[in-house]
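*Asks:* this is a predicted model, with the sequence first.
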2 protein chains.
Amino acid sequence: MAWNNEHKKKTREKILTSAARLFAQNGFDHIGINDVMKDAGLTRGAFYAHFSSKAELYAESIITAAMSTGRKTDPLNPEAPSFDGLLKTYLSMEHRQGNLFRCPLAFLTTDITQRDDQVRDAYTRVFKGFVNNLDKHSVQQNGTKDTIRSMQQAVMLIGGLAIARAINDDELAKELLSSCHAALATPTI
Amino acid sequence: MAWNNEHKKKTREKILTSAARLFAQNGFDHIGINDVMKDAGLTRGAFYAHFSSKAELYAESIITAAMSTGRKTDPLNPEAPSFDGLLKTYLSMEHRQGNLFRCPLAFLTTDITQRDDQVRDAYTRVFKGFVNNLDKHSVQQNGTKDTIRSMQQAVMLIGGLAIARAINDDELAKELLSSCHAALATPTI
DNA sequence: GTCTATAAGCAGATAGAC
DNA sequence: GTCTATCTGCTTATAGAC
């Protein structure tokens, strides 16, 4: 691969990294192409050499954001936390704040509903991967795979965090996250 | 009260009814003041005689949307469904579509996170009312009140519907809603 | 209170120089 | 590939006639 192509790939990844963080924290409509490019150290005009539209960038940024947090939920990754560690990290007040990492499934849930199929496809793929990871945890723990149970766990994690982020009451948010944790940590959910 | 004031109140309610439906279905940024006023049979200029800003309208519309669906979750309302009826209605594919009624807690979850305190206060109040209603159902069924359990139920209902609306796969959405229903209907959740 | 007209600003996308 | 400049269209909010 020529040096130019290598450089273009690096630039594209830099744009995606900025977009993944900014979009997850602020949503599609509050972030302009200008904001993303500025964050990546470029100007607006250079954007269309890498992506054909804002929606395409958004769709790809969802995958990027998911991968950067997904490593922490993958039981096959030796550095990944245990299932109990995942619960604690995912349902933490730090995750609610979103400064360290941001699961796009919880940060962008209803934002996705307003977008085109390109974006919704990306979100759906990430959700399926999330459930699949919970299946793997289940096999590790119980030796059995129960996808219905994994979907319930996914809803408790994603939904709990999304609601905790929406409500304007830190104490209630803490209680809510702790309730979700309790529902998942106890064997008899 | 003079006729003029009575008329103004009616007009205000008409605007709120339109806003509650349009905002819940499309989110804050996809609906303009023009859309709301047109739907209410008025023009843009008349808006500021009733509300001081778009955000104020949005906050009030969340309360309106919640009340119009909340009647169906209130056990003290004789026309309200049973707890099992609530589960079935709330977690239905019809609710996912949003043509009949739209719970703002599930339709606007991450949308709220981007707004000012005025809006987030309204959402928080509605959420507390939702949990309170689940508490009442619990007392009716078991004779005991368990707010932690009610919050878990709220997350399963709101989160399940919100995710089902985001994903672009009808079959998966059906399985997801059915999984949430199963988690809540079984005594050993 | 409601209307039309308009102010003032911002966004996505494109054109053309380098 | 990246830049600056610009086109085009949209939005919230206000001014002033009726």
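*Replies:* Good, I have the coordinates.
*Asks:* could I get the pLDDT score of residue A:80?
*Replies:* You'll see residue A:80 listed with a pLDDT of 72.
*Asks:* what's next to the helix or strand harbouring residue A:89, contact-wise?
*Replies:* Assigned by DSSP states H and E, residue A:89 belongs to helix A:83-90. Under the contact criterion C-beta atoms under 8 Å, 6 or more residues apart in numbering or on different chains, helix A:83-90 has outside partners A:72-73, A:75, A:80-81, A:95, A:103, A:137, A:140-141, A:157, A:161, A:181, A:184-185. C-beta here means a position set from N, CA and C on the backbone, and glycine is covered the same way.
*Asks:* just the C-alpha atoms of it, please, in CSV.
*Replies:* In CSV, the C-alpha atoms belonging to helix A:83-90 read as follows (Å, rounded to 0.1, in the frame of the first residue of the first chain):
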residue,chain,number,x,y,z
PHE,A,83,-19.5,-11.1,34.4
ASP,A,84,-19.7,-9.5,37.8
GLY,A,85,-17.0,-7.0,36.8
LEU,A,86,-19.0,-6.2,33.7
LEU,A,87,-22.1,-5.5,35.7
LYS,A,88,-20.3,-3.2,38.0
THR,A,89,-18.5,-1.3,35.3
TYR,A,90,-21.5,-1.0,32.9
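*Asks:* any weak-confidence spans in chain A?
*Replies:* The model of chain A has pLDDT under 70 over residues A:1-3, A:72-75, A:186-189.
*Asks:* go again with 50.
*Replies:* Flagging of chain A using pLDDT under 50 yields the residue ranges A:188-189.
*Asks:* closest point of it to chain B, which residue?
*Replies:* Per C-beta to the nearest C-beta, residue A:159 is where chain A lies closest to chain B, at 1.5 Å.
*Asks:* what sits closest to that residue if chain neighbours are left out?
*Replies:* Sequence neighbours aside, residue B:159 is the residue nearest to residue A:159 in space, at 1.5 Å (criterion: C-beta to C-beta, 6 or more residues apart in numbering or on different chains).
*Asks:* separation between residue A:103 and residue A:25?
*Replies:* Per C-beta to C-beta, to the nearest Å, residue A:103 is found 12 Å from residue A:25.
*Asks:* picking up where we left off before, give me the contacts around the helix or strand following the helix holding residue A:89.
*Replies:* Moving toward the C-terminus from helix A:83-90, the next helix or strand (DSSP H and E) is helix A:93-97. For helix A:93-97, the external contacting residues (C-beta under 8 Å, 6+ apart) are A:89, A:100, A:101, A:102, A:103, A:161, A:164, A:165, A:170, A:173, A:174, A:177.
*Asks:* which bits of chain A sit near DNA strand D?
*Replies:* Counting by C-beta under 7 Å from any atom of the strand, the residues of chain A close to DNA strand D are A:4-5, A:7-8, A:11, A:37, A:42-46, A:49-50.
*Asks:* pull the distance from the lengthiest helix in chain A to the chain's centre.
*Replies:* Determined from DSSP state H, the single longest helix within chain A is helix A:117-142. The chain centre lies 11 Å from the centre of helix A:117-142; the measure is C-alpha atoms, centre = their mean, to the nearest Å.
*Asks:* next one: stretch A:115-125
*Replies:* Centroid separation between stretch A:115-125 and its chain, computed with C-alpha atoms, centre = their mean, is 13 Å.
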